[in-house]
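A.B. asks: how does the following fold in three dimensions:
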Amino acid sequence: MSVEPATVAKIAALARIKMSEGEIAAMVPNTLRLRADVVGADPLTGGGIREVVLANAPAAEHGFFGVPKVIE
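C.D. replies: Numbers count the residues shown, from 1 in each chain. Below you'll find the model as predicted:
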């Protein structure tokens with residue numbers, strides 16, 4: 001996904017940033033670097049670690065964090 005010069009100029013104007021045409025042109029070739037949105041086998045990103053996470057909880061109830069009831 002690339003950014004057009006008009007978009008850069010509009011965002012700069014909204015942010016009240018003064019930019020020359022050369023500065024705007026230098027910003028346009030930048031593209032977003034995206035990674036694949038996949039669930040991997042890594043235990044930190046792959047999920048399936050509910051028991052490990054809840055082991056740190058002071059109170060776990062039905063597979064969720066237990067919190068005290070607060071009524072004011």
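A.B. asks: which parts of stretch 64-72 are buried?
C.D. replies: Using 16 or more other CB atoms under 10 Å as the test for burial, stretch 64-72 gives no buried residues. Backbone N, C-alpha and C define where each C-beta goes, glycine included.
A.B. asks: gap between that stretch and the chain center?
C.D. replies: Mean-position distance between stretch 64-72 and its chain equals 28 Å (CA atoms, centre = their mean, to the nearest Å).
A.B. asks: just stretch 9-19 next, same as before
C.D. replies: 24 Å.
A.B. asks: which residues does that stretch contact?
C.D. replies: 8, 24, 27 (CB atoms under 8 Å, 6 or more residues apart in numbering).
A.B. asks: just those: which are in helices?
C.D. replies: Among the contacts of stretch 9-19, the subset assigned to helices under DSSP state H consists of 8, 24, 27.
A.B. asks: where's the dip in pLDDT among these?
C.D. replies: Within these, Met27 has the lowest pLDDT, namely 85.
A.B. asks: please identify the residue most distant from the middle of this protein.
C.D. replies: Glu72 (34.3 Å; CA atoms, centre = their mean).
A.B. asks: show the backbone phi and psi for Glu61.
C.D. replies: Note on Glu61: its backbone torsions stand at phi -130, psi 120 [degrees, to the nearest 10].
A.B. asks: distance of it relative to Lys69?
C.D. replies: Distance, Glu61 to Lys69, using CB to CB, to the nearest Å: 12 Å.
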